[in-house]
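Visitor: pasting the sequence and the predicted coordinates here, then a few questions.
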Amino acid sequence: TGTALSAEELEAGRRAYQLDRRHVFHSWSAQELITPMVITRAEGSWVWDGEGNKLLDFSSQLVNTNIGHQHPKVVAAIQEQAGLLCTVAPQHVNAARSEAARLIAELTPGDLNRIFFTNGGAEAVEHAVRMARLHTGRYKVLSAYRSYHGGTALAVNITGDPRRVANDYGNAGTVHFHAPFLYRSQFHAENEAQECQRALEHLETTIQLEGADRFAAIVLESIPGTAGIMVPPPGYLQGVRELATKYGIVFIADEVMAGFGRSGKWFAIDHAEVVPDLLTFAKGVNSGYVPLGGVAISEEIFATFAKRVYPGGLTYSGHPLACAAAVATINAMREEQMVEHAASLGTDVFGPGLAELAAKHESVGEVRGVGAFWAVELVKNRATREPLAPYGSSSPEMNELIAACKSRGLLPFANFNRIHVVPPLNISVQDARTGLAILDEALTLADAHAED
Ligand code: PMP
């Protein structure tokens, strides 16, 4: 590690870039307006770009590689499984899948003991909603405006993120609501308790006005991630649980991003000690080494499908390579106490470190988060809270900030007017501080666009 790339690696990187521009169609992009970054190599919390520059990965590749890059135990487990059995159809039993399901059932809260495997987060959300519809015999779905649930047809319709709008081909029964977000409160709330109470009243009113007996599911990220890491106020998730129970609505906690240790607990909903009816996961379950996601299912919803066919499936459901990677990931996380480490990074490093940056930089409107899951919200004006990029778009000011981070050796996760601090859970305290120091320098540029 730490060595410069060889001439061959540099040449391979250049060729990869040329071929990419000629043949690869990129997600969420105007194809000719992007300059995607080449990543040639990665290890732990570090990646190497096409020019051989070493960057600290504060993005975890879309908040995915929770255990860092190329963890030797997980690489070895994938290699071992590949030597044994690479693929098996979902109707057969496979040891890697059985053990992955056992471990996930053990970690998820309450009686979420049955695991349906998918290839990623969007499919997990799709299947969770379908299970809820079949279970309740109802159709409508509630989800938050500031949310991201995936890029497939149903998942993007449930998503509240502005990217949904470009994909709008009619209402598939989704009703959006405002989840709590005190910094940009929809409820004119002045504190967390007010925000919480008013958000719950708004949710209940929405349910009643839209037909209390029509809702199959409420889909909610336990901590909304892509939309800005809005840690819910105390009592909110308990309140949602109560409303879901009161109106017979299936509570789907989307833990695709927040789950598997990101928040400093195995699942973000564990902070509230709430048990949902269905829990969707992906990403951190095996750190993204092989595509994997799934739905953890309560015994009550399982009972619906005990004697009745569940009409859904995927060729790769419970793929052995992905499941072997999940088993090795979860074991490594436990052995190396990564969830505990993420929690202490939040309280000892990112919490105080980012608060210091917020106090120092005029361009920082708010920092918020928990564990290894933090957002820095950039503004042009702290009083008006005008964002440094409009909601749903980038801006030259944000692009300048991102470039400043990269040129100083930090790969950030940026979304609209926010920089998210989401490194691997096992990043060293020293590397975490190095990343914050680079962010500190880069924010000085953003300050030039902020007015007091
Ligand atoms: N739900 C949440 C909360 C997510 O963060 C994401 C991905 N960022 C998804 C669902 C969709 O996952 P995927 O991209 O694996 O389909």
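Guide: All right, it came through fine. Numbering: from 1, shown residues only.
Visitor: so which residues of the stretch 151-300 of the chain form helices?
Guide: Assigned by DSSP state H, counting those that start in this stretch, the stretch 151-300 of the chain shows helices spanning 153-158, 163-166, 192-210, 236-246, 299-304.
Visitor: helices or strands up against the last one?
Guide: If you count contacts as 3 or more C-beta pairs under 8 Å, 6 or more residues apart in numbering; DSSP states H and E, helix 299-304 packs onto strand 112-118, helix 121-136. In this view, the C-beta of every residue, glycine as well, is placed from N, C-alpha and C.
Visitor: any idea which of those is most buried?
Guide: Comparing the helices and strands packed on helix 299-304 by mean neighbour count (mean count of other C-beta atoms under 10 Å), helix 121-136 comes out on top with a mean of 24.
Visitor: do that one and the ligand come into contact?
Guide: Yes: part of helix 121-136 sits near the ligand under the criterion C-beta under 6 Å from any ligand atom, namely 121-122, 125.
Visitor: of those residues, which is the nearest to the ligand?
Guide: The shortest approach to the ligand among the residues of helix 121-136 next to the ligand belongs to residue 121, at 2.2 Å (C-beta to the nearest ligand atom).
Visitor: does that closest one touch residue 279 like I think?
Guide: No: in this structure, residue 121 is not within contact of residue 279 by C-beta atoms under 8 Å, at 11.9 Å.
Visitor: closest one to the ligand among the helices of the stretch 151-300 of the chain?
Guide: When the helices of the stretch 151-300 of the chain are compared for distance to the ligand using C-beta to the nearest ligand atom, the nearest one is helix 153-158, at 6.4 Å.
Visitor: got the buried residues for that closest one?
Guide: Neighbour-count burial for helix 153-158, counted by 16 or more other C-beta atoms under 10 Å, picks out 154-158.
Visitor: JSON lines for those residues, including pLDDT and distance to the ligand?
Guide: Supplementary listing: the buried residues of helix 153-158 in JSON lines, determined by pLDDT from 0 to 100; distance: C-beta to the nearest ligand atom, whole Å:
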{"residue": "154", "pLDDT": "94", "distance to the ligand": "11"}
{"residue": "155", "pLDDT": "95", "distance to the ligand": "6"}
{"residue": "156", "pLDDT": "94", "distance to the ligand": "9"}
{"residue": "157", "pLDDT": "94", "distance to the ligand": "13"}
{"residue": "158", "pLDDT": "95", "distance to the ligand": "9"}
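Visitor: closest to residue 360 out of the residues of helix 121-136 next to the ligand?
Guide: Top of the list for closeness to residue 360, among the residues of helix 121-136 next to the ligand and by C-beta to C-beta, is residue 121 at 35.6 Å.
Visitor: check the closest one and give its pLDDT.
Guide: pLDDT recorded at residue 121 is 98.
Visitor: give the contact list for it.
Guide: 149-150, 155, 254, 256-257, 280-283, 293 (C-beta atoms under 8 Å, 6 or more residues apart in numbering).
Visitor: and which of those is nearest residue 52?
Guide: The shortest separation between residue 52 and any of those is 28.3 Å, and it belongs to residue 283 (by C-beta to C-beta).
Visitor: got the contact list for the helix or strand harbouring residue 434?
Guide: Assigned by DSSP states H and E, residue 434 falls within helix 429-447. Here helix 429-447 makes contact (C-beta under 8 Å, 6+ apart) with 45, 56, 58, 345, 348-350, 353-354, 357, 360-364, 376, 378, 388, 397, 400-401, 404-405, 408-410, 412, 419, 421, 423, 427.
Visitor: pull out the buried positions in stretch 305-321.
Guide: Neighbour counts over stretch 305-321 (16+ other C-beta under 10 Å) mark 305, 316-321 as buried.
Visitor: quick one: end-to-end distance for it.
Guide: Distances were taken as C-alpha to C-alpha, to the nearest Å; on that basis the terminal residues of stretch 305-321 are 27 Å apart.
Visitor: over to stretch 260-273?
Guide: Using C-alpha to C-alpha, the two ends of stretch 260-273 sit 15 Å apart.
Visitor: now the angle between helix 429-447 and the strand ranked longest in the chain, please.
Guide: With residue count as the measure and DSSP state E as the assignment, the chain has strand 373-381 as its longest strand. Relative orientation of strand 373-381 and helix 429-447, computed by axes from the mean of the first three to the mean of the last three C-alpha atoms, to 10 degrees: 20 degrees.
Visitor: now for strand 373-381, which elements pack on it?
Guide: Using 3+ C-beta pairs under 8 Å, 6+ apart, the elements in contact with strand 373-381 are helix 351-360, strand 364-370, strand 386-387, helix 396-407, strand 418-421.
Visitor: what's the most buried one of those?
Guide: Compared across these, strand 418-421 shows the largest average neighbour count, a mean of 26 (mean count of other C-beta under 10 Å).
Visitor: tell me the strands beside it, with direction?
Guide: strand 373-381 (antiparallel), strand 413-415 (antiparallel) (DSSP bridges).
Visitor: most tightly packed of those?
Guide: Highest mean neighbour count among those (mean count of other C-beta under 10 Å): strand 373-381, with a mean of 23.
Visitor: ok, the closest residue to residue 265 other than its chain neighbours - contacts?
Guide: Distance criterion C-beta to C-beta, 6 or more residues apart in numbering; nearest residue to residue 265, sequence neighbours excluded, is residue 271 at 5.9 Å. Neighbouring residues of residue 271 by C-beta under 8 Å, 6+ apart: 222, 263, 265, 370.
Visitor: ok, now residue 408?
Guide: 438, 441-442.
Visitor: could you do residue 417 as well?
Guide: When contacts are taken as C-beta under 8 Å, 6+ apart, residue 417 is in contact with 377-379, 387-391, 395, 398.
Visitor: and the pLDDT for it?
Guide: We note a pLDDT of 97 for residue 417 in this prediction.
Visitor: the nearest residue to it once chain neighbours are set aside bridge partners, please.
Guide: Computed as C-beta to C-beta, 6+ apart, the closest residue to residue 417 that is not its neighbour in sequence is residue 387, at 3.7 Å. When bridges are called by DSSP bridges, residue 387 pairs up with residue 379.
Visitor: what residues does the stretch 251-400 of the chain have near the ligand?
Guide: Counting by C-beta under 6 Å from any ligand atom, the stretch 251-400 of the chain sits next to the ligand at 254, 256-257, 282, 293.
Visitor: quick one: which of the residues you listed is the most crowded by neighbours?
Guide: residue 254 (34 neighbours; other C-beta atoms under 10 Å).
Visitor: and that one, bridged to which residues?
Guide: Under the criterion used here (DSSP bridges), residue 254 is bridged to residue 221, residue 280.
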